[in-house]
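how does the following fold in three dimensions:
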Amino acid sequence: GSVRLQDGAEAEDTCRVGIALVKNDDVSQTTWLLPMQTLTGADSAIDLSGIESADVAVNDVLLYVAGKGDNTKGVVFDAEIEYKSVTASQVPSKHMTANPVAVEGNLSYDAAGNAMTDAHNVFKTAMATNNAGNESLLYVYQATGTYDLRRMDFAGWAEPGFWYTMPNAFNSVGAVWQNKFYSNPPAFGYSGFLFTAPAAGTLSIGGAYARSSTAEAGDDGASIGQAGEYARWNLYRVSGTTFTELCGDAVPVNSMKGFAEVSGTQNIDVAAGERIFLRYDCSAAWKVACLTPSFQFVATPVDEFGGWEVSGDITEAEYALACSPTQGVHHWYNAYGSINEYYLMEHGDNGYVGSDAFSTVGIDGNVFTASASSAVMKAYKTVGSGTAVFTGNATVNQFLDDGTELAIYKRAYADGGWGEPELLVEESMSNAKMYAEFQENVEVHNGDVLIAVIRYLGEQGDSFMTSVTCNLHVALTVEQEGTEVDGIGESVQTLSSDVYFTEQGKNGWFYAYGTPDNYVLMEYGFGIVNYARWSGPEWNNAVESGKQLPSAYSGALCIYVADRAGTFVAKGAATLLKTDGEEGVTAAVYHNGESVWTHDYAADETDAQMLDLSLDVQKGDVIQFYVINKTGLTVAYATEFSFNFAYALRSTSEDVAAPETLASYLSAKGSYAEYIGIAGNTEKQDPVTIGTGSDDSGNKKCGSELSTDILPIAAVLLLVAGATAVIRVRVNGRKKDE
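Prediction:
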């Protein structure tokens, strides 16, 4: 290749360039392949083809060097490196190690303290992080009195800098504009930088800090030097809610000081995923200081192997063979579930996806997204018998408190089916070890499957996920040809989480109010809310997608009718979302009237209770998911409960009930009147009178009559007049003033 001055360089522009080889990451063993020399003028270039080859080993570092000249311009190294021969047992470490480099000279800050710069705006550019994705360096704020660090929000004005601020509707203090810091500790909180170590290693803080006597005095009006006025920074090691102070210093006035001058800022040992917080603190809102830190991280090699290369012979292109957008290409398949029960994924807009009651998981290329309830996996199916070399590595893509597991299994194929999984490799990853790799030589026969499983070890729930980059490759040496068999040992019937439909009896599901032995099917439509749902006649008694709402006096039920004999399985959780009563609720699952699961929830009990049911059923069996408010001194009108589960009816029976006959297996009442026990009552009922006279017992009456053979009185509405008025009512077709 070649090296030349950047585009736009003029005849008088220069830059010194060179190429150095550092042996074993030791700068004392430096060889100059291209000695430092000066490039001059717009058209000058150095041909690099004359550089002789050099012997290199693991951890040797090749440096392209650009040094300062007169009228310095940047340079372009248009070069390629070619390995003439490679020793297979040697591979590069995952993270290149290096020594921190100090940026010296030409530092300045403007009189208003707006920004600190160097001659080539290295610092200014470094401060332009966008707070997106999972970068190691983020702008954050810490609310006063909390131990929670949150990302700042971008609030506009790309020029002359970037503004990040607390999401606070009435005060934007706690911000960074270029490298100009504000905070408001008495009321709101602190601004700062958060560095997350991508691997184990050491961290040094470079750069400088200063403030100007002409900068804003702050909302307290105190000028620099007045009593109580201050600005400072502190460095913390953060672990959960524990903040351990490492060092700190006051920000000097009208002079600059380097972070490296403060003891405790250099060569800080950090574990993978560990966080270091640089916090700005000042005595009042809008009190400004310039902080320009450079976070220089030096990684410690994580493993013997790393990068794309394992054993020195696997390229990125070879790894990519496992990432086809079609199941079965190159004999690779994508699945989810568990190693004992897994299902093939479907291909969607974002790669392959699968779902259970709790979460949607997936594989997109070589990125695996797993949850605590569903692992994700790639399976390689062998065609022929021989020796397979199964190679791979995995890197956790974000910091997580809970661990992630990479496991490799083999399932042997024989007699038309697959045997029990045989564990070959198991590697745990965590915030202290975010990388794992393996290489296994495995004897295989035609139809055997090799399965890589990524599993998240956190708590079960829809918000607990992990993302892992996983590279896999199988090199199969076929010694005996074979014929491809169908499948990879996957389960043929997956669990379904679809339990809510807008038609009674759809896929066997019905929706009702009442109790398990006394219930009425609900009506679908608009009730007390502005959207359609299944509703009963009582206030807020309903079934919606994902939740059941019992009323003050009636429960809510989701009912499943089996259309054939088999095994009904349901896995998931039952959770009280909210209630306005004090007594709590009772939730239960009934099979043909017998309770098979129940739990009494206190009013403030929001922890999910796990469901794991396996019921032998016959055609027409009824399974009810039921919730009701407990009775007591208070009445609940706004309870919401979630049976969040996935289910399947596993059966080989050919005796299947027609969908239109499923309702005949229910014992539902025909009306609300029948449900409360007054339908068909022909016995004469004495009227309830309200009038101005008295009955035989001397009770005062009020004028009109309400007959109890129409409906029970569910409530009495009382109107208390706040002023003298005439209330006009219509009783039995007549108007009266009372």
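
for the residue nearest to residue 537 when sequence neighbours are not counted, grab phi and psi.
In space, residue 537 comes closest to residue 672 once its chain neighbours are excluded; the distance is 4.9 Å by Cβ to Cβ, 6 or more residues apart in numbering. Using the backbone N, CA and C atoms, a C-beta is placed for each residue, glycine as well. When read as degrees, to the nearest 10, the backbone of residue 672 gives phi -70, psi -40.

check residue 331 too.
Reported as degrees, to the nearest 10, the phi and psi values for residue 331 are phi 70, psi 20.

cool, residue 330 as well?
According to degrees, to the nearest 10, residue 330 has phi 60, psi 20.

so how far is residue 611 from it?
The spacing between residue 330 and residue 611, counted by Cβ to Cβ, to the nearest Å, is 39 Å.

mind checking which of the two has more residues around it?
Each of residue 330 and residue 611 has its neighbours counted (other Cβ atoms under 10 Å); residue 611 has more, 21 against 13.

check contacts around that one.
Neighbour list for residue 611: 570, 571, 572, 573, 574, 589, 597, 643, 645 [criterion: Cβ atoms under 8 Å, 6 or more residues apart in numbering].

quick one: buried residues of the one helix or strand it maps to?
If you go by DSSP states H and E, residue 611 is part of strand 609-617. Residues of strand 609-617 classed as buried by neighbour count (16 or more other Cβ atoms under 10 Å): 611, 613, 615, 617.

ok, of those, which one's closest to residue 509?
Of all the buried residues of strand 609-617, residue 617 has the smallest distance to residue 509: 14.7 Å, by Cβ to Cβ.

got a list of what that closest one touches?
Counted by Cβ under 8 Å, 6+ apart, residue 617 has contacts 562, 565, 566, 567, 568, 591, 623, 649.

6 Å instead?
562, 568 (Cβ atoms under 6 Å, 6 or more residues apart in numbering).

and the gap between it and residue 648?
Note on residue 617: its distance to residue 648, by Cβ to Cβ, is 12 Å.

again with residue 560
11 Å.

can you pull out the strands in the stretch 351-500 of the chain?
Here the stretch 351-500 of the chain has its strands, by DSSP state E, counting those that start in this stretch, at 351-355, 360-364, 367-371, 375-381, 385-396, 404-411, 413-414, 417-418, 422-429, 435-444, 449-456, 465-480.

looking at those, which is nearest to residue 275?
strand 385-396 (15.3 Å).

pLDDT averaged over the closest one - what is it?
Confidence for strand 385-396, expressed as mean pLDDT, is 90.

bridging residues for residue 18?
Counting by DSSP bridges, residue 18 is bridged to residue 65.

okay, now it: neighbour count?
For residue 18, the neighbour count with other Cβ under 10 Å is 17.

same thing with the one 4 residues further on?
Residue 22: 18 surrounding residues under other Cβ under 10 Å.

wait, what's in contact with it?
Applying Cβ under 6 Å, 6+ apart to residue 22 gives the contacts 30, 61.

please repeat the previous calculation with a cut-off of 10 Å.
28, 29, 30, 31, 59, 60, 61, 62, 63, 98, 99 (Cβ atoms under 10 Å, 6 or more residues apart in numbering).

in the sheet, who's paired with it?
Taking DSSP bridges as the rule, residue 22 bridges to residue 30, residue 61.

quick one, strands of the stretch 551-700 of the chain?
Going by DSSP E, counting those that start in this stretch, the stretch 551-700 of the chain shows strands at 555-561, 566-578, 585-591, 594-601, 609-617, 622-629, 640-650, 688-690.

mean pLDDT for those strands - can I get that in TSV?
Formatted as TSV, those follow (pLDDT from 0 to 100):
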stretch	mean pLDDT
strand 555-561	97
strand 566-578	91
strand 585-591	97
strand 594-601	96
strand 609-617	92
strand 622-629	97
strand 640-650	90
strand 688-690	35
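
the ones you listed: which one's closest to residue 316?
strand 640-650 (37.0 Å).

what's the angle between that closest one and strand 622-629?
Relative orientation of strand 640-650 and strand 622-629, computed by axes from the mean of the first three to the mean of the last three Cα atoms, to 10 degrees: 170 degrees.

list the helices and strands strand 640-650 packs on?
strand 542-544, strand 547-549, strand 555-561, strand 566-578, strand 585-591, strand 609-617, strand 622-629 (3 or more Cβ pairs under 10 Å, 6 or more residues apart in numbering; DSSP states H and E).

report the buried residues of that strand.
For strand 640-650, by 16+ other Cβ under 10 Å, it's 640, 641, 642, 643, 644, 645, 646, 647, 648, 649.

ok, stretch 329-344 next?
By 16+ other Cβ under 10 Å, the buried positions in stretch 329-344 come out as 331, 332, 333, 334, 335, 336, 337, 339, 342, 343, 344.

circling back: find residues that contact each of residue 560 and residue 648.
Common neighbours of residue 560 and residue 648 (Cβ under 10 Å, 6+ apart) are 568, 570.
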